[in-house]
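>>> pasting the structure only:
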Ligand SMILES: NC(=O)c1ccc[n+]([C@@H]2O[C@H](COP(=O)([O-])OP(=O)(O)OC[C@H]3O[C@@H](n4cnc5c(N)ncnc54)[C@H](OP(=O)(O)O)[C@@H]3O)[C@@H](O)[C@H]2O)c1
C-alpha cells in the first residue's frame, strides 16, 4: 500500500511517499481502507519531534511509528476474530493515538475512538471530527459546563477547532461572539455567530463587554489579557498549554472567581473521547453542525499540506484525500 512515511524528525521534506506492507488486523482490530485523513498542529509537532518531551512517546532519536496521522474516515475491509461491534463494509470515522492514518490502510482497535459515520457526511467531512470537534466538547461541556444563558467568545473562530466551537456553542444555546481575521468574517457569520470581531482591527477586551466563557482555540491571547472581559465567575479556556497558563490554572482553581483552564483532549480515556465522538455524530447527522473544509491535499502532497498548516492561518480543517 502507499503511505506517507517519515524516518527522521525535521522539515516537511522528511515526509515521502513509499510502498509499505499493508497491516494485518490483530484479534481486536479492524482494517480500514482510509479515504480521508487530516493535518493538524499536532501532526506538525510530531513531525518535528518538538517539544522534545513528546519524543518519550514518539521515539527519542527518530520516530518509532514512521507513518503519522491520527484522524481517519474510511471503510472497514477486514476484522480481527474478536471484533463483534463492527463489520466489513462499515463506513467509520475516528482517531487513533497509535497513528498510521497517512496511508491507504490502517489498523485500529475496535475499542479505540471509532464509530460508524453519520449517513449524511462524506469521508472528508467526517475525518476532522475526532481532533477538532471532540476538543470543543471536552472544553465547552467537559471543562466549562456551558449553559444556554452563557455569553461565549470564541477566539480563533475560523480555524479547525474554532469553526466547530462557534457552531457547538450556538447549539448549546449560548450567545456567541467570534473573533477572526478580515477574510474569514463572512464564513464565521455563516456558522451562526451572533457577533463577529476582526482581531486585526479591534481588541475585543476594549469593548467593555463581559463573557462567561472566553475560548481561546488558538492560544493567541492569554488569561491576563482576557481577565477583565470575564464575568466575576467567568472561565478562560485555552487549547494551548503554556507554563504561565499552568500556574494560572492552579492558582485560580484554589481561589474562587475567574478561572483559567486548559486540557489535553488526546490524553482523555478513549471511552470519554468516544462519548464525545458519538455526541458529535448526532449533531452532524441532524445537520446541527457542519465540517468546514478549507483545503484539500493528496497523500503525495503531504509536505505542502504540512507547510500550509505550519503557517498558522488554516481556514477550517485541512483534509488529505486518499483516493
Ligand atoms: N488541548 C487540546 O486538547 C487540543 C486539541 C486540538 C488542538 N489543540 C491546539 O489548538 C490549536 C488550534 O488548533 P486548530 O487546528 O484550530 O488550528 P488552526 O486551524 O491551524 O488555526 C488557524 C486559525 O488561527 C487563526 N489565527 C492565527 N493567528 C491568530 C491571531 N493572532 N489571533 C486570532 N486568530 C488567529 C487563523 O485565523 P486568520 O487566518 O484569520 O489569522 C486561523 O483561522 C493548536 O495549537 C493545536 O495544537 C489543542
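Okay, I see it. All of these numbers come straight from a predicted model, not from anything done at the bench.

>>> Strands of the stretch 201-323 of the chain, start to end?
Here the stretch 201-323 of the chain has its strands, by DSSP state E, counting those that start in this stretch, at 211-216, 230-238, 259-262, 293-298, 317-321.

>>> Burial-wise, tell me which of those comes out on top.
strand 211-216 (a mean of 26; mean count of other CB atoms under 10 Å). C-beta coordinates here come from the backbone N, C-alpha and C atoms, glycine included.

>>> And for it, what's in contact with it?
Outside strand 211-216, the residues that touch it by CB atoms under 8 Å, 6 or more residues apart in numbering are 139-140, 144, 146-147, 149-156, 165, 169, 174, 177, 221-222, 226, 229-231, 233-240.

>>> Now residue 213. Nearest residue, chain neighbours left out?
Residue nearest to residue 213 in three dimensions, not counting chain neighbours: residue 152, with 4.6 Å by CB to CB, 6 or more residues apart in numbering.

>>> Contacts only, for that neighbour.
Residue 152 is in contact with 140, 146, 169, 174, 175, 176, 177, 211, 212, 213, 214, 215, counting by CB under 8 Å, 6+ apart.

>>> The residues you listed also near the ligand: which ones?
Checked against the ligand using CB under 6 Å from any ligand atom, the contacts of residue 152 yield no neighbours at all.

>>> Could you export the residues you listed as CSV, including distance to residue 110?
Shown next, in CSV, are those (distance: CB to CB, whole Å):
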residue, distance to residue 110
140, 28
146, 31
169, 32
174, 35
175, 41
176, 37
177, 41
211, 41
212, 39
213, 35
214, 38
215, 33
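
>>> Considering those, which is situated nearest to residue 72?
Taking CB to CB as the measure, residue 72 lies nearest residue 140 of the contacts of residue 152, at 24.3 Å.

>>> Contacts only, for the closest one.
Residues in contact with residue 140 (CB under 8 Å, 6+ apart) are 146, 152, 165, 168, 169, 172, 213, 215, 237.

>>> Recalculate using a threshold of 7 Å.
146, 165, 168, 169, 172, 215 (CB atoms under 7 Å, 6 or more residues apart in numbering).

>>> Contacts only, for the second one.
Put plainly, it is residue 165. 136, 140, 154, 157, 215, 217.

>>> Recalculate using a threshold of 6 Å.
136, 154, 215, 217 (CB atoms under 6 Å, 6 or more residues apart in numbering).

>>> now, among these, which is nearest to the ligand?
Checking these against the ligand by CB to the nearest ligand atom gives residue 217 as the nearest, at 5.3 Å.

>>> Double-check that residue 192 belongs to a strand.
No: secondary structure of residue 192 (DSSP: H, G, I helix; E, B strand; the rest coil): coil, not part of a strand.

>>> burial measure for it, as a count.
16 (other CB atoms under 10 Å).

>>> and if you look at residue 8?
Residues near residue 8, counting by other CB under 10 Å, number 11.

>>> which non-adjacent residue is nearest residue 9?
residue 49 (3.3 Å).

>>> middle-most residue in the protein, spatially?
residue 132 (2.2 Å; CA atoms, centre = their mean).

>>> quick one: contacts of the helix or strand bottoming out on mean pLDDT in the chain?
Among the helical and strand segments of the chain, the one scoring lowest on mean pLDDT, DSSP states H and E is helix 55-58, with a mean of 92. The contact list for helix 55-58 (CB under 6 Å, 6+ apart) reads 46, 49.

>>> Swap in 7 Å and give it another go.
Helix 55-58 is contacted from outside by 46, 49, 64, using CB under 7 Å, 6+ apart.

>>> residues of the helix or strand containing the first one that come out buried?
According to DSSP states H and E, residue 46 maps onto helix 41-48. The neighbour-count criterion (16 or more other CB atoms under 10 Å) identifies 41, 42, 43, 44, 46, 47, 48 as the buried residues of helix 41-48.

>>> Please name the nearest non-neighbouring residue to the last one.
Read that as residue 48. Using CB to CB, 6+ apart, the closest residue to residue 48 is residue 9 (5.8 Å).

>>> Retrieve the pLDDT associated with the one you found.
Note on residue 9: pLDDT of 98.

>>> The ligand versus that one, what's the distance?
Computed as CB to the nearest ligand atom, to the nearest Å, the residue 9 to the ligand distance reads 17 Å.

>>> burial of that residue, as a residue count?
Residues near residue 9, counting by other CB under 10 Å: 19.

>>> Does it belong to a helix, a strand or coil?
coil.

>>> for the closest residue in space to residue 246 that isn't next to it in sequence, what are its contacts?
Closest residue to residue 246 apart from its sequence neighbours, by CB to CB, 6+ apart: residue 262 at 7.4 Å. Contacts for residue 262 (CB under 7 Å, 6+ apart) come out as 238, 241, 245, 249.

>>> which residue packs closest to the second one, ignoring adjacent ones?
Just to be clear, that refers to residue 241. residue 262 (5.2 Å).

>>> roughly how far apart are that neighbour and residue 242?
8 Å (CB to CB, to the nearest Å).
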